[in-house]
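Novice: I need the structure of the sequence given here:
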Amino acid sequence: MLPKLLYIDQLSEGYVILITGLLIVFGSLIILSLFFKYGVPIMLYAYKIVTKGRDRKIKDISVTADEKFTGEIAAAIATAIHLYLSEKHDTENTILTIKQARKLYSPWSSKIYGTQNRL
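Specialist: Numbering: from 1, shown residues only. Sure, this is the predicted structure:
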């Protein structure tokens, strides 16, 4: 018989697995929360430094008019979009015909041989 110190029953093994699993799950949740709280802002700050502040506000962008873009061009584009979106498709025949295909007998796919008990 094994000494009492070396004997580990299944219940204590279950506790070891439980505690190990809980430590893994909650440890990973803590690491993820720390990453999202501190890691992501640091990464965004580094990205902003790397891109050298190319972000501009909408109010900083000046609007310039194109002299070549006239009302006739805008009307032609709007008409083309309207005609494309309101285009009617052909009405097709909605009758569905299903033809039964004749299957040849094959002993490989026959289920009858699997239902009989042959002793």
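Novice: regarding the protein, what is its longest helix?
Specialist: Counting by DSSP state H, the longest helix found in the chain is helix 10-34.
Novice: which residues touch that helix?
Specialist: By Cβ atoms under 8 Å, 6 or more residues apart in numbering, the list of residues contacting helix 10-34 from outside is empty. C-beta coordinates here come from the backbone N, C-alpha and C atoms, glycine included.
Novice: dump whatever helix or strand comes next after it to PDB, keeping only the CA atoms.
Specialist: Stepping forward along the backbone from helix 10-34, the first helix or strand reached (DSSP states H and E) is helix 40-51. This file holds the C-alpha atoms of helix 40-51, laid out as PDB (Å, rounded to 0.1, in the frame of the first residue of the first chain):
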ATOM      1  CA  VAL A  40      -3.800  50.300 -26.800                       C
ATOM      2  CA  PRO A  41      -3.300  54.100 -26.000                       C
ATOM      3  CA  ILE A  42       0.400  53.600 -26.200                       C
ATOM      4  CA  MET A  43       0.100  52.000 -29.600                       C
ATOM      5  CA  LEU A  44      -2.200  54.700 -30.800                       C
ATOM      6  CA  TYR A  45       0.300  57.400 -29.600                       C
ATOM      7  CA  ALA A  46       3.100  55.600 -31.400                       C
ATOM      8  CA  TYR A  47       1.000  55.300 -34.500                       C
ATOM      9  CA  LYS A  48       0.300  59.100 -34.400                       C
ATOM     10  CA  ILE A  49       4.100  59.800 -34.100                       C
ATOM     11  CA  VAL A  50       4.900  57.400 -36.900                       C
ATOM     12  CA  THR A  51       2.300  59.000 -39.300                       C
END
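Novice: which stretches of the chain aren't confidently modelled?
Specialist: In the predicted model, the chain carries pLDDT under 70 at residues 1-11, 53-56, 89-92, 103-119.
Novice: and if we set it to 90?
Specialist: Flagging of the chain using pLDDT under 90 yields the residue ranges 1-16, 44-71, 83-119.
Novice: for E72, give its distance to A46.
Specialist: 50 Å (Cβ to Cβ, to the nearest Å).
Novice: ok, now V25?
Specialist: Between V25 and A46 the computed distance is 30 Å (Cβ to Cβ).
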